[in-house]
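Trainee: starting from these lines, generate the structure:
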Amino acid sequence: MNQPSFPHSQPLVSLSILMPVFNEERTLKAAIDRVFAVHYPCRMELIVVDDGSTDRTARILEAQRSDARTSKDIVVVTHPVNRGKGAAIRTGLDYAAGSHLVILDADLEYLPSDIPSLIAPVLAGYSDHVFGARVRGVNACFPSFRFAIGGRATTLFANVLYDACLTDMHTCLKLIPTDHLRSLTLTEGGFGLDTEMTARLLRCGIRPLEVPVSYHGRSVSEGKKITWRDGVVCLAVLTRIRVQHRPDIAPVVHRISVVAAAQNDPPNNPPSSPPKVLHLPKAAG
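Mentor: Below you'll find the predicted structure:
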């Protein structure tokens, strides 16, 4: 695994962007290019987990891995078979070296240029958990009334269950301390992991700060994979976690709010060798 920019021992804010992909040959290169076009206020690495794609995704990732402009800060992990988005996220989490992690899909629905606005409250010491909320009428385009209302309904359900006041529970852009994510013991394998992540944070008493982000949703014909069944799973996950014992969560390590080394500064350590593609064994059963 390549961890070129930031060892765990430094108490600096650093960022891992986790991109789970499955048959995203149409948008993957553009998604990666967008990530590296942004100037982040801290060190950044991109972790791409290819969840058993059968199209040209693997070849695109190999080309990106060989690109001198990105090879130093990209880690590629491969599942031999498709195991679901949740499984891909859990795998990527094992390789994250940043103090904070944000998930970014490769479908171009969200802009990486919004990520610095999520990091800003962390650097300022306002909040360690920041969600990018999609707000109707504010740089947001939803693919249909059905998708928009479904997301609002499940968010309302979560707010009532957990006495919270989230605007957008299902946003992809959730900036969370990496140690917190690891301590949540996530188990969902599909789209339900997004709900599980938020539910476990709320169950621990954490209330994320929300900032507005841009959104351009794609339709089913454009490749959107979520269905009404995922909404039913979401309600079940929210209810199950609400009745469970309130878990302990790892304490947030104190970090300085002024970043000493930005992404484009020379690293303290000499650059390591290019990252290798990691092929994970097929899951048992």
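Trainee: so which residues of the stretch 1-150 of the chain form strands?
Mentor: 14-21, 43-51, 74-79, 100-103, 130-134, 140-141 (DSSP state E, counting those that start in this stretch).
Trainee: and these, which one's lowest on average pLDDT?
Mentor: Across these, strand 140-141 has the smallest mean pLDDT, namely a mean of 72.
Trainee: now the spatially most central residue of the chain, which residues is it bridged with?
Mentor: By CA atoms, centre = their mean, the chain has its centre lying nearest to residue 103, at 1.0 Å. Assessed by DSSP bridges, residue 103 has beta-bridge partners residue 18.
Trainee: got a list of what it touches?
Mentor: Listed by CB atoms under 8 Å, 6 or more residues apart in numbering, the contact partners of residue 103 are 17-20, 89, 172-174. For every residue, glycine as well, the C-beta is placed using N, CA and C.
Trainee: near the residue nearest to residue 246 when sequence neighbours are not counted, how many other residues are there?
Mentor: Of all residues not flanking residue 246 in the chain, residue 203 sits nearest, at 5.8 Å (CB to CB, 6 or more residues apart in numbering). By the measure other CB atoms under 10 Å, the count of residues near residue 203 is 20.
Trainee: next: residue 37.
Mentor: 9.
Trainee: relative to residue 95, how far out is it?
Mentor: 23 Å (CB to CB, to the nearest Å).
Trainee: swap in residue 131?
Mentor: Distance of residue 131 to residue 95, given as CB to CB: 23 Å.
Trainee: which of the two has more neighbours?
Mentor: It is residue 131, of residue 131 and residue 95, that has more neighbours when counted by other CB under 10 Å, with 26 against 19.
Trainee: got the phi and psi for the residue nearest to that one when sequence neighbours are not counted?
Mentor: Leaving aside its chain neighbours, residue 131 sits nearest to residue 208 (4.5 Å; criterion: CB to CB, 6+ apart). When read as degrees, to the nearest 10, the backbone of residue 208 gives phi -70, psi 150.
Trainee: go ahead and confirm residue 208 touches residue 126.
Mentor: No. With contact defined as CB atoms under 8 Å, residue 208 does not count as touching residue 126 (11.3 Å).
Trainee: ok, those two, which is more surrounded?
Mentor: residue 208 (24 against 11).
Trainee: ok, now which ones touch that one?
Mentor: With contacts defined as CB under 8 Å, 6+ apart, residue 208 is in contact with 127, 129-131, 166, 174, 201.
Trainee: 7 Å instead?
Mentor: Contacts for residue 208 (CB atoms under 7 Å, 6 or more residues apart in numbering) come out as 129-131, 201.
Trainee: may I ask which of these has the most neighbours?
Mentor: residue 131 (26 neighbours).
Trainee: so that one touches residue 174, yeah?
Mentor: Yes. With contact defined as CB atoms under 7 Å, residue 131 counts as touching residue 174 (5.2 Å).
Trainee: can you tell me the closest non-neighbouring residue to residue 52?
Mentor: residue 82 (3.7 Å).
Trainee: measure that neighbour to residue 50 for me?
Mentor: Distance from residue 82 to residue 50, by CB to CB: 10 Å.
Trainee: those two: which has the busier surroundings?
Mentor: residue 50 (25 against 15).
Trainee: identify the single longest helix in this protein, thanks.
Mentor: Ranked by residue count, the top helix of the chain under DSSP state H comes out as helix 145-162.
Trainee: output it in CSV with nothing but the alpha carbons.
Mentor: The C-alpha coordinates for helix 145-162 follow below in CSV (Å, rounded to 0.1, in the frame of the first residue of the first chain):
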residue,chain,number,x,y,z
PHE,A,145,-39.5,13.8,-7.7
ARG,A,146,-39.5,10.2,-6.5
PHE,A,147,-35.8,10.2,-5.6
ALA,A,148,-36.0,13.6,-3.9
ILE,A,149,-39.0,12.8,-1.7
GLY,A,150,-37.7,9.4,-0.8
GLY,A,151,-34.5,10.9,0.6
ARG,A,152,-36.4,13.5,2.5
ALA,A,153,-38.8,10.9,4.0
THR,A,154,-36.0,8.6,5.2
THR,A,155,-34.1,11.6,6.6
LEU,A,156,-37.2,12.7,8.5
PHE,A,157,-37.6,9.2,9.8
ALA,A,158,-34.0,9.2,11.1
ASN,A,159,-34.5,12.6,12.7
VAL,A,160,-37.6,11.4,14.6
LEU,A,161,-35.9,8.2,15.7
TYR,A,162,-32.7,9.8,16.9
